[in-house]
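J.: Sequence first, then the predicted structure:
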Amino acid sequence: MPFHQPDAIRYYTFGSLESEKIKHAIFTRRGGFSPEPWASLNVGGLRGDDPERVYLNRVRSFQVLDRKPESVYDVWQVHSTDVIWTTGSRPASVRHRKADAILTDRPEVTLFMRFGDCVPILLHDPKRRVVGVVHAGWMGTVNGIVTETIKTMQSAYRSDPGDILAAIGPSIAVDHYEIGAEVVGEVESAFGQDAEDLLVRSAESTHFDLWRSNEILLEKMGIRNIETAGICTACNLQDWFSHRGEFGVTGRFGALIALED
Ligand SMILES: [Zn+2]
């Protein structure tokens, strides 16, 4: 079963990442302290929710997985192609750096990101003992954030793409992801021939397949093991926050990955 509910908190895991060597989870919105419209496990600090509740929600999430809250390394997610590989956690007194992919080879660090329709991609190289998490919305996808992340794993940790396990988490599915003409142009120029498989066109609108796009980018980098959850956030509001599905008034759910000693 990909869903786990040890107490009030409910989270999702990938079968292909199950291992005693790592901890990972995509947290649902269930089991937190926040009221509507952030109900309830909101970990997004920029959505109008009380910072104290957001903090308590994160602490509770970490505790469920037996990870120390102070082991967190997180960033200010800005739809860039910037990748950070870190050797330490981020103390509360230190500002977030801007980036959209984070990597570590240190078991004392817990990588954590926030999502509400954009694609979470978890990475594990069991051979080189590296974990990572990527934030890919349409901009990160067309600019290749996941490609940059795999390149960084190769250069910083000497990862072989054939060893890397990749997992694409709950996020907005093509049926709910209508895009405008400008973004259509960006997809066409980024993906060339593949764009026709990624754009679903009708007389009224064009939709974009973020899951398949990121699978293609991973495949092009030589990743063979890709698991896609296939869960649409906007279709499943009982479990997920969805920016599109809730018209921008909502929270953010967490994604966590860490090496275990
Ligand atoms: Zn949907």
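T.: Sure, I can see it.

J.: would you say Gln63 is within a helix?
T.: Yes: read with DSSP: H, G, I helix; E, B strand; the rest coil, Gln63 is one of the residues of a helix.

J.: Tell me how many other residues surround it.
T.: Gln63 has 13 neighbours, counted by other C-beta atoms under 10 Å. The way it works is simple: take the backbone N, C-alpha and C, and place the C-beta from them, glycine included.

J.: Once you drop chain neighbours, what's closest to it?
T.: Distances taken as C-beta to C-beta, 6 or more residues apart in numbering put Pro69 closest to Gln63, at 7.3 Å, once the chain neighbours are dropped.

J.: My guess is Leu256 contacts Ser61. True?
T.: Yes: counting by C-beta atoms under 8 Å, Leu256 does reach Ser61; the two are 6.9 Å apart.

J.: Common neighbours of the two, please.
T.: Common contacts of Leu256 and Ser61, defined by C-beta atoms under 8 Å, 6 or more residues apart in numbering, comprise 25, 27.

J.: Comparing those two, which residue is more hemmed in?
T.: Neighbour totals were compared for Leu256 and Ser61, and Leu256 leads with 26 against 23 (other C-beta under 10 Å).

J.: which residues does the more buried one form a beta bridge with?
T.: Per DSSP bridges, residues listed as beta-bridge partners of Leu256: Ala25, Phe112.

J.: tell me the contacts of it?
T.: Leu256 makes contact with 23-25, 27, 61-62, 65, 67, 110-112, 133, according to C-beta under 8 Å, 6+ apart.

J.: Is there a neighbour count for the residue nearest to Gln63? I'd like the number.
T.: Neighbour count of Pro69, defined by other C-beta under 10 Å: 17.

J.: For it, what are phi and psi?
T.: The phi/psi pair for Pro69 (degrees, to the nearest 10) reads phi -60, psi -30.

J.: Please list all residues in contact with it.
T.: Residues counted as contacts of Pro69 (C-beta under 8 Å, 6+ apart) are 58-59, 62-63.

J.: Closest to Asn214 out of those?
T.: For the contacts of Pro69, the minimum distance to Asn214 (C-beta to C-beta) is 25.5 Å, reached by Arg58.

J.: residues in contact with that closest one?
T.: Neighbouring residues of Arg58 by C-beta under 8 Å, 6+ apart: 43, 69, 72, 112, 254.

J.: thinking again about what came up before, now that we have the contacts of Leu256, which of them are buried?
T.: In terms of neighbour count (16 or more other C-beta atoms under 10 Å), the buried residues within those are 23-25, 27, 61-62, 65, 67, 110-112, 133.

J.: May I see those residues arranged in a markdown table, with distance to Gly192 and pLDDT as well?
T.: Formatted as a markdown table, the buried ones among the contacts of Leu256 follow (distance: C-beta to C-beta, whole Å; pLDDT from 0 to 100):
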| residue | distance to Gly192 | pLDDT |
| --- | --- | --- |
| Lys23 | 38 | 98 |
| His24 | 33 | 98 |
| Ala25 | 36 | 98 |
| Phe27 | 36 | 98 |
| Ser61 | 40 | 97 |
| Phe62 | 42 | 98 |
| Leu65 | 40 | 97 |
| Arg67 | 41 | 98 |
| Thr110 | 38 | 98 |
| Leu111 | 32 | 98 |
| Phe112 | 34 | 98 |
| Val133 | 28 | 98 |
